[in-house]
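Visitor: coords below, sequence missing:
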């Protein structure tokens with residue numbers, strides 16, 4: 001079955017960096033686009049970035065543009081989110097997401113806290 005397992009979250013000071021990882025299994029990873037979402041306390045879950053199946057195209061929503069980089073390694077079934085110049089408002093649980101046909105699959109998330 002599909003499994004998505006995020007890791008790499010933690011406490012970081014404003015201006016710092018973190019690299020999140022998502023390990024995928026249970027499907028042919030190289031055939032599907034992958035996304036990162038986040039959910040801040042008291043807010044709706046929102047899209048952060050998406051990468052196409054071969055990694056040739058990436059898209060970012062406004063909050064991450066210029067600071068976040070999504071990438072993938074199809075040989076390792078991994079997708080990453082490099083987050084730079086982190087701000088307190090980036091504090092959230094970050095989730096990896098797969099859209100497989102008409103169904104969405106989510107990991108359990110990894111908590112990122114940006115605070116001094």
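Guide: Alright, I've got the coordinates. Here the structure is a predicted model, which means the values were calculated and not measured. Residues are numbered from 1 along each chain as shown.
Visitor: can you tell me which residues contact the residue located most distally from the centre of the chain?
Guide: Largest separation from the mean C-alpha position in the chain: residue 116, at 22.9 Å (CA atoms, centre = their mean). By CB atoms under 8 Å, 6 or more residues apart in numbering, residue 116 lies in contact with 13-14. C-beta coordinates here come from the backbone N, C-alpha and C atoms, glycine included.
Visitor: got a list of contacts for the helix or strand of the chain with the lowest mean pLDDT?
Guide: Using mean pLDDT, DSSP states H and E, strand 58-60 stands out as the lowest-scoring helix or strand of the chain, at a mean of 90. Outside strand 58-60, the residues within contact range by CB under 8 Å, 6+ apart are 48-52, 68-71.
Visitor: could you export those as CSV, including neighbour count and pLDDT?
Guide: Output for the contacts of strand 58-60, formatted as CSV (neighbours: other CB atoms under 10 Å; pLDDT from 0 to 100):
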residue, neighbour count, pLDDT
48, 24, 96
49, 24, 96
50, 19, 96
51, 21, 97
52, 13, 95
68, 21, 97
69, 16, 97
70, 22, 97
71, 14, 97
